[in-house]
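pasted the sequence and its predicted model underneath.
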Amino acid sequence: MTVDPNAANDTPMEGAPLIAPSSTDHPLHESVVDACRSVFDPEIPVNIFDLGLVYTIDINPENDVRVIMTLTAPGCPVAGEMPGWVADAIAPLPGVRTVDVDLTWEPPWGMEMMSDEARLELGFM
């Protein structure tokens with residue numbers, strides 16, 4: 001059997017986080033978070049950031065922003081539109097060069113991912 005060392009390995013390494021860390025130390029991070037907070041799930045009166053739908057905000061040194069997010073359910077009626085809404089909210093920010101928004105279903109979203117503010121708004125606290 002021959003093993004190709006360049007072959008892609010889709011199996012996550014043991015101990016690897018399910019959600020990649022965000023670039024919280026980047027100067028644009030808070031502005032990008034605020035932009036995400038301006039986008040709402042039309043079925044739930046809470047913004048997508050506080051709902052816990054935004055998993056990762058990765059900003060490289062060239063100010064290219066990559067957002068990895070999910071939706072409350074794979075059958076969400078706005079699944080095809082929401083990534084565009086997020087990109088449209090972030091793109092005009094001063095300093096942002098490009099925006100890429102990717103949807104993921106792993107890990108699946110759960111109510112435990114909501115912020116305390118979202119729980120309070122929805123009456124869960």
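Perfect, I can see it now. Numbers count the residues shown, from 1 in each chain.

what secondary structure does the residue lying closest to Ser22 once chain neighbours are set aside sit in?
Leaving aside its chain neighbours, Ser22 sits nearest to Ile57 (4.4 Å; criterion: Cβ to Cβ, 6 or more residues apart in numbering). Where you see a C-beta, it was placed from the backbone N, CA and C, and this is true even at glycine. Of the three states, Ile57 takes strand under DSSP: H, G, I helix; E, B strand; the rest coil.

I'd like to know how far Ile57 sits from Val101.
10 Å (Cβ to Cβ, to the nearest Å).

what's the overlap in contacts for these two?
66-67 (Cβ atoms under 8 Å, 6 or more residues apart in numbering).

these two: which is more packed in?
Higher neighbour count among Ile57 and Val101: Ile57, with 25 against 20, using other Cβ atoms under 10 Å.

who's that one bridged to?
Val67 (DSSP bridges).

list the contacts of it.
22-23, 29, 32-33, 36, 65-67.

apply 6 Å and report the result again.
By Cβ atoms under 6 Å, 6 or more residues apart in numbering, the residues touching Ile57 are 22, 32, 67.

now the buried members of the residues you listed.
22, 32, 67 (16 or more other Cβ atoms under 10 Å).

all strands of the chain, in order?
Read by DSSP state E, the chain holds these strands, from start to end of the chain: 54-59, 64-69, 98-103.

for this protein, which spans come out with low pLDDT?
For the chain, applying pLDDT under 70 flags the ranges 1-17, 125.

now the helices for it?
29-36, 82-90, 116-121 (DSSP state H).

which residues touch Ile59?
23, 26, 28, 65.

now do the last one against Ser38, distance only.
Plainly put, Val65 is 15 Å away from Ser38 if you go by Cβ to Cβ.

which residue sits closest to Ile48, ignoring its sequence neighbours?
Val39 (5.0 Å).

contact partners for the one you found?
48, 85-86, 89.

residues of stretch 86-94 that come out buried?
86-87, 89-90.

quick one: end-to-end distance for it.
Stretch 86-94 has an end-to-end distance of 16 Å (Cα to Cα, to the nearest Å).

same deal with stretch 60-75?
End to end - Cα to Cα - stretch 60-75 spans 32 Å.
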